[in-house]
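[1] predicted structure and sequence below. I'll ask about it afterward.
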Amino acid sequence: MYGKPIAFPYLLLITLLLPFAATADNLLYTSEGYRNTRYRAALPKNPPAGRRINTRELVDLIRQNRPLLIDVQAITLRPESEAFGISWLPNRERWHIPQSIWLPNTGYGSLEPHMLSYLKSNLQRLTRGDPKLPLVFYCVVDCWMSWNAVKRADELGYRNLYWYPEGSDGWREAGLELVLAKPVPLQEMTDSDD
Amino acid sequence: MAIRYRRTCWPVIHERALMFAHRLVLTITVMVMAFPAWGAKEYNLEPREIAPGTYVLLGHNEHFNFRNGGNIVNTGFILTDEGVIVIDTGPSRLYGEQMRAVIERITDLPLLKVFITHLHPDHFLGNQAFEDTPIAALAGTIEGIRSQGELFNDNMYRLAGPWMAGTRVVIPAETVKSGIVDIGGHRLRLMALDGHTDADLVILDETTGVLFTGDIVFHDRAPTTPHADVPRWLSALDQLSAIKYKVMVPGHGAYLSGPESIAQTRGYLRWLTGSLTNAAEAGKSMAEVLVADAPPAVTRLAVFTEEYQRSVTHLFPALETKALRQGRVEQE
């Protein structure tokens, strides 16, 4: 009876400090707990929300539930300038899981307003507003962006989330077919001449 | 599916058998095309015994890429009567594991010690596979790995991708300095040099005459300069010239018994700094300097064009500033 109220503030303090315990550099995570730098590193066991799946489970999920597969692999976004419109600039071909939707850069720790609305409006469109439609987020092996994307989707209210941390690398290692990816354009890209 | 047959000299094949054959060929073709993607990645590490009980694993003379998985480095190991001494652990957890498997195929003896020559990622990111063994390095190397190791790890993912899966930084726990150590009956002379980086460990196994130079020496491959202090590096090369050894294992490139690679590394560094200094004093800009005007002895080195351009970004700005400060250049 006495223990709980006394222990609680200490527990809260420890929980709040845990993200900082990982490294002296507290910019590794944003204040909301998104991974904010050094995105390529070994991943934690658990996703921030939803369920973690492996390749076998993803194959079964695709067969049974027809989930949305969201690829968040990051590429260069060339901003609008005098000579050129805003544009995606991949420096190599992206091969990803068939039937995936590529929403690049939506796995960053901090999203600028136009990127957040890009993610929101595409998820809204693809799920037709159904927060229970199964969503699978991935990028490549050992990439925190997929972890961030699951967290972001959870914050946006989606309730049926899957995290596939092995990504396109795991899919290929299993001998499964990858297809050439095309990034979904930003609203501003379709507004300007292409 | 209707299959039409021409009247030829070939025997008539049953329709089903033909379809089967088509499918078989297609399947085999797809399997063969997909083959490189199948299964776990293999570095194909082949140990070469260069002295009794002393083995090296030679890396490719390339830059890091998704094909070589970062294996551009020479690592080695020494079998003593009591156990194994490892020198450098490669660019990834996977390399370290596969290197350890190579060692365990050759001997049952325990691992005694791992030495890391310097802080570059291709030399130490395999440490995870050797965490149960004391990992030793110079103090400067340990400090460098502590402060920059995570950045190197992240960067290696960009360069070698899935080969890096599960790799994390393991900082060497044991500090070593110049001096003689006796391990398993092998007398090792440890030399704390610098120049390629702030702390470069060179090891002479006096018992076998094998000299592990780390990246003080590059053989037939353009030296890398991201942390270089060229005058110190040249001084280190002079010190190596005075050593008697039977076989030299450079950080990159083929092992050899002669002094040619010391002279080659020295020659390259002298040409590089001379050429860039002249350009700085002539008021050239970095863009003009990026296209090298180099003699054949230099351009024939593996990865020359790429390394030269990287070296320009490492070294030219300071030379420019120096030339301006010394009043050697007319500022426009």
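    Nice, thanks for sending it over. Residues are numbered from 1 along each chain as shown, chains lettered A, B, ... in the order given.
[2] all helices of chain A, in order?
    A:3-21, A:55-65, A:113-127, A:144-155, A:167-173, A:187-191 (DSSP state H).
[3] swap in chain B?
    Under DSSP H, chain B gives helices at B:15-34, B:93-106, B:121-124, B:139-160, B:230-241, B:260-281, B:286-289, B:296-299, B:304-325.
[4] so who does the nearest residue to B:Asn68 once chain neighbours are set aside touch?
    Of all residues not flanking B:Asn68 in the chain, B:His60 sits nearest, at 4.9 Å (Cβ to Cβ, 6 or more residues apart in numbering or on different chains). For the C-beta atoms, the positions are set from N, CA and C on the backbone; glycine is no exception. B:His60 is in contact with B:68, B:71-72, counting by Cβ atoms under 8 Å, 6 or more residues apart in numbering or on different chains.
[5] in the stretch 151-300 of chain B, what residue is nearest chain A?
    Closest to chain A within the stretch 151-300 of chain B is B:Tyr157: 3.2 Å, counting by Cβ to the nearest Cβ.
[6] that residue contacts B:Gly166, correct?
    No. Using Cβ atoms under 8 Å as the test, B:Tyr157 is too far from B:Gly166 to be in contact (10.9 Å).
[7] and for those two, which residues touch both?
    A:Asp142.
[8] quick one: which of those two has more around it?
    B:Tyr157 (23 against 14; other Cβ atoms under 10 Å in any protein chain shown).
[9] now that one. Nearest residue, chain neighbours left out?
    A:Arg40 (3.2 Å).
[10] same deal with B:Arg187?
    Per Cβ to Cβ, 6+ apart, closest to B:Arg187 is B:Glu206, 4.3 Å.
[11] what values do phi and psi take at the one you found?
    With angles defined as degrees, to the nearest 10, B:Glu206 sits at phi -70, psi -20.
[12] any chance of the contacts of B:His60 in TSV, with pLDDT and neighbour count too?
    Compiled in TSV, those are given as follows (pLDDT from 0 to 100; neighbours: other Cβ atoms under 10 Å in any protein chain shown):
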residue	pLDDT	neighbour count
B:Asn68	97	18
B:Asn71	98	27
B:Ile72	98	24
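[13] just give me the closest of those to chain A.
    Of all the contacts of B:His60, chain A sits closest to B:Asn68, with 16.3 Å by Cβ to the nearest Cβ.
[14] is that closest one in contact with B:Glu62, as I believe?
    Yes. B:Asn68 is in contact with B:Glu62 according to Cβ under 8 Å; the separation is 5.6 Å.
[15] what does chain A put close to chain B?
    A:23, A:38-42, A:140-143, A:169, A:172-173, A:175, A:177 (Cβ under 8 Å from any Cβ of the partner chain).
[16] of those, select the buried ones using a PyMOL command.
    The following PyMOL line selects those of the residues of chain A next to chain B that are buried, judged by 16 or more other Cβ atoms under 10 Å in any protein chain shown:
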select buried, chain A and resi 38+39+40+41+42+140+141+142+143+169+172+173
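[17] what is the lowest-pLDDT residue among the residues of chain A next to chain B?
    pLDDT across the residues of chain A next to chain B is lowest for A:Thr23, at 46.
[18] closest to B:Ile78 among the residues of chain A next to chain B?
    Checking the residues of chain A next to chain B against B:Ile78 with Cβ to Cβ, the nearest one is A:Ala42 at 30.7 Å.
[19] and the closest one, how far is that from B:His118?
    24 Å (Cβ to Cβ, to the nearest Å).
[20] please apply the same query to B:Ala297.
    26 Å.
[21] in terms of neighbours, single out the busier of the two.
    More crowded of B:Ala297 and B:His118, by other Cβ under 10 Å: B:His118, with 27 against 11.
[22] what's the per-residue pLDDT of that one here?
    B:His118 is given a pLDDT of 98.
[23] list the contacts for it?
    Counting by Cβ under 8 Å, 6+ apart, B:His118 has contacts B:137-138, B:141, B:144, B:196-197, B:199-201, B:214-215.
[24] of all residues in chain A, which one is closest to chain B?
    Closest to chain B within chain A is A:Arg40: 3.2 Å, counting by Cβ to the nearest Cβ.
[25] winner for burial among the helices of chain B?
    Greatest average neighbour count among the helices of chain B goes to helix B:121-124 (a mean of 28), per mean count of other Cβ atoms under 10 Å in any protein chain shown.
[26] contacts for that helix, please.
    So helix B:121-124 is in contact with B:59, B:64, B:70-73, B:75, B:88-91, B:116-117, B:137, B:145, B:149, B:152-153, B:155-156, B:170, B:172, B:214-215, B:251, going by Cβ under 8 Å, 6+ apart.
[27] what do you get for stretch B:304-314?
    Here stretch B:304-314 has contacts from B:63, B:222-226, B:228, B:272, B:276, B:286, B:289-290, B:292, B:294, B:298, B:301, using Cβ under 8 Å, 6+ apart.
[28] out of those, flag the one nearest to A:Leu111.
    Once Cβ to Cβ is applied, the member of these that ends up nearest A:Leu111 is B:Pro226, at 32.4 Å.
[29] and the nearest residue to that closest one once chain neighbours are set aside, how far is that from chain A?
    Counting by Cβ to Cβ, 6+ apart, B:Pro226 lies nearest to B:His314, which is 5.6 Å off, once chain neighbours are set aside. Counting by Cβ to the nearest Cβ, to the nearest Å, the separation of B:His314 from chain A is 22 Å.
[30] low pLDDT regions in chain A?
    A:1-26, A:191-194 (pLDDT under 70).
[31] show me what contacts the closest residue to B:Thr133 other than its chain neighbours?
    Distances taken as Cβ to Cβ, 6+ apart place B:Leu111 nearest to B:Thr133, at 4.2 Å, with adjacent residues excluded. By Cβ under 8 Å, 6+ apart, B:Leu111 lies in contact with B:83-84, B:86, B:100, B:103, B:130, B:132-133.
[32] what of B:Tyr245?
    Counted by Cβ under 8 Å, 6+ apart, B:Tyr245 has contacts B:204, B:209-211.
[33] how about A:Gln187?
    A:114, A:117-118, A:121 are the contacts of A:Gln187 under Cβ under 8 Å, 6+ apart.
[34] mind putting those into JSON lines with neighbour count?
    Shown next, in JSON lines, are the contacts of A:Gln187 (neighbours: other Cβ atoms under 10 Å in any protein chain shown):
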{"residue": "A:His114", "neighbour count": "12"}
{"residue": "A:Ser117", "neighbour count": "14"}
{"residue": "A:Tyr118", "neighbour count": "22"}
{"residue": "A:Ser121", "neighbour count": "12"}
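[35] B:Pro226 is in contact with B:Asp198, correct?
    No. Using Cβ under 8 Å, B:Asp198 makes no contact with B:Pro226, being 11.7 Å away.
[36] more neighbours, these two?
    B:Asp198 (18 against 12).
[37] any figure for the gap between the more buried one and A:Asn105?
    36 Å.
[38] also B:Gly76?
    Counting by Cβ to Cβ - B:Gly76 and A:Asn105 are separated by 43 Å.
[39] quick one, what contacts the most centrally placed residue in chain A?
    In chain A, the C-alpha nearest the mean C-alpha coordinate belongs to A:Ala149, at 2.4 Å (Cα atoms, centre = their mean). By Cβ under 8 Å, 6+ apart, A:Ala149 lies in contact with A:70, A:72, A:106-107, A:137.
[40] from those, which is closest to A:Glu188?
    Checking the contacts of A:Ala149 against A:Glu188 with Cβ to Cβ, the nearest one is A:Thr106 at 15.4 Å.
[41] these two touch, right, that closest one and A:Ser121?
    No. Between A:Thr106 and A:Ser121 there is no contact under Cβ under 8 Å: 11.4 Å.
[42] just how off-centre is stretch A:136-148 within its chain?
    6 Å (Cα atoms, centre = their mean, to the nearest Å).
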